[in-house]
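Chemist: got a predicted model here, sequence first, then my questions.
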Amino acid sequence: MSDDEDESWFPSGAKQIGVEGLKALGDDTRRDIIDLLSDRPATVTDLATALGKAKGTIAHHVKVLEEAELGEVVST
């Protein structure tokens, strides 16, 4: 099997993540954040309220996701 055949199983537009992305996804809170953000954009306050956690905690997890290139923070 060639390298081209190896990559063909990825759905169109799928993102390959590296080790940092896998580490970031190893946390339940970060997976919950991604799940919430898959429905719609949200502020840190929205996420904190939905998850019942402190805004500082959520801000930390959002930063980890952004550094792992699994999300993007947009100032409002």
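Modeler: Arrived safely, thanks for sending.

Chemist: do I have it right that Lys53 meets Thr29?
Modeler: Yes - between Lys53 and Thr29 there is a contact under Cβ atoms under 8 Å: 6.8 Å. From N, CA and C alone the C-beta is placed, and that goes for glycine too.

Chemist: now what about the host helix or strand of Thr45, what contacts it?
Modeler: With secondary structure defined by DSSP states H and E, Thr45 is part of helix 44-51. Among residues not part of helix 44-51, those counted as contacts by Cβ atoms under 8 Å, 6 or more residues apart in numbering are 29, 32-33, 36-37, 42, 54-55, 57-59, 62.

Chemist: where are the low-confidence patches of the protein?
Modeler: Judged by pLDDT under 70, the chain has its weakly predicted residues at 1-15.

Chemist: just the helices in the chain please.
Modeler: Listed in chain order, the helices found in the chain under DSSP state H are 3-7, 19-24, 28-39, 44-51, 55-67.

Chemist: mind checking which of those helices is nearest Thr76?
Modeler: helix 44-51 (10.3 Å; Cβ to Cβ).

Chemist: could you check the angle helix 55-67 makes with that closest one?
Modeler: Angle between the axes of helix 44-51 and helix 55-67 is 110 degrees (criterion: axes from the mean of the first three to the mean of the last three Cα atoms, to 10 degrees).

Chemist: okay, now Leu51: neighbour count?
Modeler: Leu51 has 16 neighbouring residues, counting by other Cβ atoms under 10 Å.

Chemist: with Val62 instead?
Modeler: Neighbour count for Val62, taken as other Cβ under 10 Å: 22.

Chemist: check Gly26 too.
Modeler: Counted by other Cβ under 10 Å, the residues lying close to Gly26 total 9.

Chemist: and Glu67, by the same measure?
Modeler: One way to gauge burial is a neighbour count; for Glu67, by other Cβ under 10 Å, it gives 12.

Chemist: shouldn't it be in contact with Gly21?
Modeler: No - because the distance of 9.8 Å does not satisfy Cβ under 8 Å, Glu67 is recorded as not touching Gly21.

Chemist: mind giving me JSON lines with the helices of the chain and columns for distance to Ser75?
Modeler: Formatted as JSON lines, the entries for the helices of the chain read as follows, by distance: least, Cβ to Cβ, whole Å:
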{"stretch": "helix 3-7", "distance to Ser75": "35"}
{"stretch": "helix 19-24", "distance to Ser75": "21"}
{"stretch": "helix 28-39", "distance to Ser75": "16"}
{"stretch": "helix 44-51", "distance to Ser75": "11"}
{"stretch": "helix 55-67", "distance to Ser75": "12"}
